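Enquirer: pasting the structure only:
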């Protein structure tokens, strides 16, 4: 009798093991494919969470939370461990401190999955929820947690589907929380339909209907944005975003002397394209002290370097504390005079600023707009600052209509962090409906239009100095720009309201 029970118990554990393996393989495949920008594999994103959600139904709250945390780490760590590890090796050297900090970067990405798994097993599973509504409520809870809990690098599973351009246009309405709500819903519905086959038509019908409706909305919206970008009222800019391939800790001589120096490349590029209106240098991988001296040397010249406006990133000592410095985006006029500047407002915790106390770099104020003229109002984003929703939102609300991203990926060596950054740029472009001009060191240059499509110049790595023509709508702030402070709460709030309304209506019957 005992032997028969043991065999039955072993057989019952096999589906759980298979589900665990399927969940890990699907999630890892989806995230690795996203990092490689593989469009075909990106469609895994719509179902890759289903095995985990089905496994979740079989577990106690404590075990579900543990498995949820492991799943959250499995989603991101295999694809990105070496990427972030390389940056920390560059800062701290290889050793226990670097490995511990790399793990600390990833642990916050596991937190939403831990909390969701516990709440789902402890509370949501016990509620009287219609079968068709349960997946929507699960998706709402998970998307709210993913977008509410802080992380060092605030990328989310939304990066998995940025290549499916029509399906991401609803970002302008509710940002990543709304897009994730839709992304998680089919996986949750598939898990529910598998667990309760008699309800599969109603459970799967609703997310499929919304996906079709969203695709239709996206196609119509892309046509509308393209029309606005081609109109006489569009924002246009002819710019030369410089691409460099300098390693970390480069010297000023790499920028000033030689045929492949930044100075020579800029002059050659502008000589080939006399119609260019703006030159943009990326953030430079030069130590702050040398960068400060370099900018002073450039400013000390009797004649202006370029006969057109120029955006660059400089290090500047603060007046109050000379030992502290600002990383500052500066807009110079054709005569070389400083027109306006913005100090980087979003610093990477544990890297550019200590986890507690004050470090050598001082943060500036978010929300800057550097006006090139009355129509072109530039939003400076220095590398990591593109991830700062607060900075981008404040700048757009202040009238900014072109984001100028000046990035350096030198700390990551040649690992593909730029691909993740490109995905985040696509999300920002659509959410705020503004084009993004990209100048980079060890990354791609070019621009992204307001629908999130990439217009690259040259190769992913290398040197380039080519003038590009950028166009975008001057449509003002999107609904998401106004709702952003509370946007993360919308999926869960709306899901709960729908559940309460449905529960009340059924109670009256």
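Expert: It's in. The structure displayed is predicted, hence computed values, not measured ones.
Enquirer: can we go C-alpha only for contacts and neighbour counts from here?
Expert: Fine.
Enquirer: what ranges do the helices span in the chain?
Expert: Counting by DSSP state H, one finds helices in the chain at the ranges 2-35, 50-56, 61-92, 96-122, 134-148, 171-195, 200-229, 253-256, 262-272, 288-299, 389-397, 417-432, 479-487, 490-508.
Enquirer: Give me the distance between residue 345 and residue 358.
Expert: Computed as C-alpha to C-alpha, to the nearest Å, the residue 345 to residue 358 distance reads 14 Å.
Enquirer: Name the residue in these two with the higher neighbour count.
Expert: Counted by other C-alpha atoms under 10 Å, residue 345 and residue 358 do not tie: residue 345 has more neighbours, with 22 against 10.
Enquirer: if I pick the more buried one, what's in contact with it?
Expert: By C-alpha atoms under 8 Å, 6 or more residues apart in numbering, the contact list for residue 345 reads 363, 364, 365, 366, 385, 391.
Enquirer: Near the closest residue in space to the fourth one that isn't next to it in sequence, how many other residues are there?
Expert: It refers to residue 366. Computed as C-alpha to C-alpha, 6 or more residues apart in numbering, the closest residue to residue 366 that is not its neighbour in sequence is residue 391, at 4.5 Å. If you count neighbours by other C-alpha under 10 Å, residue 391 ends up with 21.
Enquirer: ok, now residue 58?
Expert: Residue 58: 12 neighbours (other C-alpha under 10 Å).
Enquirer: Residue 223 too?
Expert: 12.
Enquirer: per-residue pLDDT, it?
Expert: At residue 223, the model reports a pLDDT of 96.
Enquirer: Compute the distance between it and residue 230, please.
Expert: Distance from residue 223 to residue 230, by C-alpha to C-alpha: 11 Å.
Enquirer: Residue 155 now?
Expert: Distance, residue 155 to residue 230, using C-alpha to C-alpha: 31 Å.
Enquirer: Let me see the domain layout of this protein.
Expert: Following automatic domain parsing, one gets these domains for the chain: 11-227+485-508, 235-472.
Enquirer: Using a markdown table, lay out those domains together with distance to residue 479.
Expert: Formatted as a markdown table, those follow (distance: least, C-alpha to C-alpha, whole Å):
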| stretch | distance to residue 479 |
| --- | --- |
| domain 11-227+485-508 | 5 |
| domain 235-472 | 9 |
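Enquirer: where among the ones you listed is the average confidence lowest?
Expert: Across the domains of the chain, domain 11-227+485-508 gives the lowest mean pLDDT, at a mean of 83.
Enquirer: from the middle of its chain, how far away would that one be?
Expert: In terms of C-alpha atoms, centre = their mean, to the nearest Å, the centre of domain 11-227+485-508 is found 16 Å from the chain centre.
Enquirer: Could I get the buried residue list for stretch 367-375?
Expert: Using 16 or more other C-alpha atoms under 10 Å as the test for burial, stretch 367-375 gives 367, 368, 369, 370, 371, 372, 375.
Enquirer: from these, which two are the most distant?
Expert: Spatial extent of those (C-alpha to C-alpha) is set by the pair 367 and 375 at 17.8 Å.
Enquirer: Could you list which residues are in contact with the spatially closest residue to residue 353 that is not a sequence neighbour?
Expert: Nearest non-adjacent residue to residue 353, counting by C-alpha to C-alpha, 6+ apart: residue 359, 5.4 Å away. Shown in contact with residue 359 (C-alpha under 8 Å, 6+ apart): 324, 352, 353.
Enquirer: Check residue 480 too.
Expert: 171, 172, 173, 174, 175, 431, 432, 487.
Enquirer: What's the ChimeraX syntax to select whichever of these are buried?
Expert: Those of the contacts of residue 480 that count as buried under 16+ other C-alpha under 10 Å are selected in ChimeraX with:
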select :171,172,173,174,175,431,432,487
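Enquirer: Next, format the contacts of residue 480 as a markdown table and append distance to residue 439.
Expert: Formatted as a markdown table, the contacts of residue 480 follow (distance: C-alpha to C-alpha, whole Å):
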| residue | distance to residue 439 |
| --- | --- |
| 171 | 24 |
| 172 | 24 |
| 173 | 28 |
| 174 | 28 |
| 175 | 25 |
| 431 | 21 |
| 432 | 20 |
| 487 | 30 |
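Enquirer: Could you list which of the buried residues of stretch 367-375 belong to strands?
Expert: Mapping the buried residues of stretch 367-375 onto strands (DSSP state E) picks out 370, 371.
Enquirer: hmm, who's touching stretch 380-388?
Expert: Stretch 380-388 has contacts (C-alpha under 8 Å, 6+ apart) with 153-154, 283, 313, 329, 342, 344-348, 368-370, 391-392, 403-408, 424-425, 428.
Enquirer: coming back round to it: from the contacts of residue 359, which is closest to residue 449?
Expert: Of the contacts of residue 359, the one sitting nearest to residue 449 (C-alpha to C-alpha) turns out to be residue 352, at 30.0 Å.
Enquirer: Please report phi then psi for that closest one.
Expert: phi -90, psi -20 (degrees, to the nearest 10).
Enquirer: Hmm, it is touching residue 362, no?
Expert: No - Residue 352 is beyond contact range of residue 362, at 9.3 Å (criterion: C-alpha atoms under 8 Å).
Enquirer: Between the two, tell me which one has more neighbours.
Expert: residue 362 (20 against 15).
Enquirer: was I right about the more buried one contacting residue 324?
Expert: Yes - between residue 362 and residue 324 there is a contact at 6.4 Å, judged by C-alpha under 8 Å.
Enquirer: List the buried residues of stretch 218-232.
Expert: Result for stretch 218-232 [16+ other C-alpha under 10 Å]: buried residues 218, 221, 222, 225, 226, 228, 229.
Enquirer: who are the neighbours in contact with residue 288?
Expert: Taking C-alpha under 8 Å, 6+ apart as the definition, contacts of residue 288 comprise 315, 325.
Enquirer: Settle this for me: residue 137 is touching residue 490, isn't it.
Expert: No - between residue 137 and residue 490 there is no contact under C-alpha under 8 Å: 11.7 Å.
Enquirer: The two: which is more packed in?
Expert: The neighbour count for residue 137 versus residue 490, taken as other C-alpha under 10 Å, is higher for residue 137 (26 against 19).
Enquirer: measure that one to residue 204 for me?
Expert: Note on residue 137: its distance to residue 204, by C-alpha to C-alpha, is 14 Å.
Enquirer: And residue 101, by the same measure?
Expert: From residue 101 to residue 204 the distance is 42 Å (C-alpha to C-alpha).
Enquirer: And for residue 141?
Expert: As judged by C-alpha to C-alpha, residue 141 and residue 204 stand 19 Å apart.
Enquirer: Counting neighbours, go ahead and name the busier of these two.
Expert: It is residue 141, of residue 141 and residue 204, that has more neighbours when counted by other C-alpha under 10 Å, with 27 against 21.
Enquirer: Spatially nearest residue to that one, not counting backbone neighbours?
Expert: In this structure, residue 141 finds its nearest non-sequential neighbour in residue 492, 5.0 Å apart by C-alpha to C-alpha, 6+ apart.
Enquirer: Correct me if wrong: residue 59 contacts residue 121.
Expert: Yes - with contact defined as C-alpha under 8 Å, residue 59 and residue 121 form a contacting pair (7.3 Å).
Enquirer: So for those two, which sits in the more crowded spot?
Expert: Counted by other C-alpha under 10 Å, residue 59 and residue 121 do not tie: residue 121 has more neighbours, with 20 against 16.
Enquirer: what residues are up against the closest residue to the more buried one other than its chain neighbours?
Expert: Spatial nearest neighbour of residue 121, chain neighbours left out: residue 61 (4.9 Å); criterion: C-alpha to C-alpha, 6+ apart. Neighbouring residues of residue 61 by C-alpha under 8 Å, 6+ apart: 117, 118, 119, 120, 121, 122.
Enquirer: what's the spacing between residue 61 and residue 164?
Expert: Counting by C-alpha to C-alpha, the separation of residue 61 from residue 164 is 35 Å.
Enquirer: what do you get for residue 182?
Expert: For residue 182, the distance to residue 164 (C-alpha to C-alpha) stands at 13 Å.
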